[in-house]
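Peer 1: turn this into a model:
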Amino acid sequence: MSVLVGYERDGAVARLTLDSPHNRNALSSALVEQLHDALTRAAADQGVRVVVLGHTGGTFCAGADLSEAAGRDPSELAVARAHEMTRLLRRILELRLPVIAAIDGHVRAGGLGLVGACDIAVAGNASTFALTEARIGVAPSIISLTLLPKMSARAAGRYFVTGEKFGAAEAADIGLITVAADDVGATVAELAAAIAQGSPQGLAASKALTTAAVIDDFELRAEKLTRESAQLFVSDEAREGMLAFLEKRPPRWVG
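Peer 2: So this is what the prediction gives:
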């Protein structure tokens, strides 16, 4: 199996690297499972104090891998994908180690859910973000669990429905990321060094204070949103939207 998520220990830092540039680090089933494995490895290493989630190529994460829909039962795939995403976001939230997203490229759709799940997010000034789900007939259902607690209500009301691109400065202003930086590597290194001074117990307990309300919301709403996401995915509009995306043409909506 190809290595889609790199792992490197650098002192107290576990560096996880999304390494599937051929599909813009899309969330394929294989990449998601390898990311789980890498998080497990970091959590088991007693010397690790912080996880840095980075990427190769010009895109941090493009969201779901729509090409995997070919040749599979749509209903089965939709349910599996929805559960995969819910499980991944919750895994990052519940990890005892703080997680820093190191973004030096573009983020789209479900990739923003990863950003929202991370405790700290640093993005280069040339990075762009967009929630494009509505343009293919679906919605940012599950990732709303990590995005709505971070983004301002006005910003969510805009970008959830427009699909507009916005930059790192705007992402910082609305709370999606922690800081827009000229030098992502240097900024991440400073933050990681500060975190590394904490004790394992202190870091875990402090992180838990910041994620408790989001995890509680998972308990209340995740299953409902997972079902809704799966239903949207198999709708006629979504099929047309995804086909249009793959064929690089405007969708022909009939609804």
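Peer 1: low-confidence ranges, this structure, go.
Peer 2: 68-77, 255 (pLDDT under 70).
Peer 1: so what's the gap between stretch 189-199 and the chain middle?
Peer 2: Centroid displacement of stretch 189-199 relative to its chain, using C-alpha atoms, centre = their mean, to the nearest Å, is 23 Å.
Peer 1: in it, what counts as buried?
Peer 2: Neighbour-count burial for stretch 189-199, counted by 16 or more other C-beta atoms under 10 Å, picks out Ala189, Leu191, Ala192, Ile195, Ala196, Gly198. Any C-beta I mention is one placed from the backbone N, CA and C, and that applies to glycine too.
Peer 1: Phe129: which of the residues you listed is nearest?
Peer 2: The closest of these to Phe129 turns out to be Leu191 (C-beta to C-beta; 19.9 Å).
Peer 1: so that closest one is in contact with Ala101, correct?
Peer 2: No. The pair Leu191 and Ala101 fails to qualify as a contact (C-beta atoms under 8 Å) at a distance of 10.9 Å.
Peer 1: shared neighbours of these two, anything?
Peer 2: For the pair Leu191 and Ala101, residues contacting each of them under the criterion C-beta atoms under 8 Å, 6 or more residues apart in numbering are Ile120, Val122.
Peer 1: before we move on, back to that, and which of the buried residues of stretch 189-199 is nearest Val138?
Peer 2: Where those are concerned, and distances follow C-beta to C-beta, Val138 has its nearest neighbour in Leu191, at 33.6 Å.
Peer 1: distance of that closest one from Ile174?
Peer 2: Separation of Leu191 from Ile174 (C-beta to C-beta, to the nearest Å): 20 Å.
Peer 1: just Gln34 next, same as before
Peer 2: 31 Å.
Peer 1: repeat that for Ser229.
Peer 2: To Ile174, Ser229 is 23 Å away according to C-beta to C-beta.
Peer 1: between these two, which has more neighbouring residues?
Peer 2: It is Ser229, of Ser229 and Ile174, that has more neighbours when counted by other C-beta atoms under 10 Å, with 24 against 19.
Peer 1: if I've got this straight, the more buried one is in a helix?
Peer 2: Yes. The secondary structure assignment for Ser229 places it in a helix, going by DSSP: H, G, I helix; E, B strand; the rest coil.
Peer 1: wait, it touches Pro140, no?
Peer 2: No. At 9.0 Å, Ser229 and Pro140 do not qualify as touching, with contact defined as C-beta under 8 Å.
Peer 1: element containing Thr211?
Peer 2: If you go by DSSP states H and E, Thr211 is part of helix 200-233.
Peer 1: chain center to the helix or strand following that helix, what's the gap?
Peer 2: Under the assignment DSSP H and E, the closest C-terminal helix or strand after helix 200-233 is helix 236-247. Here helix 236-247 is found 22 Å from its chain centre; the criterion is C-alpha atoms, centre = their mean.
Peer 1: list the buried ones in helix 236-247?
Peer 2: Ala238, Glu240, Gly241, Met242, Ala244.
Peer 1: same list, those, but as TSV with distance to Arg49 please.
Peer 2: Output for those, formatted as TSV (distance: C-beta to C-beta, whole Å):
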residue	distance to Arg49
Ala238	42
Glu240	47
Gly241	43
Met242	41
Ala244	45
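Peer 1: list just the nearest of those to Leu39.
Peer 2: Ranking these by separation from Leu39, with C-beta to C-beta as the measure, puts Met242 on top at 28.6 Å.
Peer 1: surely that closest one is in contact with Arg135?
Peer 2: No. With contact defined as C-beta under 8 Å, Met242 and Arg135 do not form a contacting pair (10.4 Å).
Peer 1: residue closest to the middle of this protein?
Peer 2: By C-alpha atoms, centre = their mean, the chain has its centre lying nearest to Leu114, at 1.7 Å.
Peer 1: got the contact list for that one?
Peer 2: Contact criterion C-beta under 8 Å, 6+ apart gives Leu53, Phe60, Cys61, Leu88, Leu89, Ile92, Ala101 as the residues in contact with Leu114.
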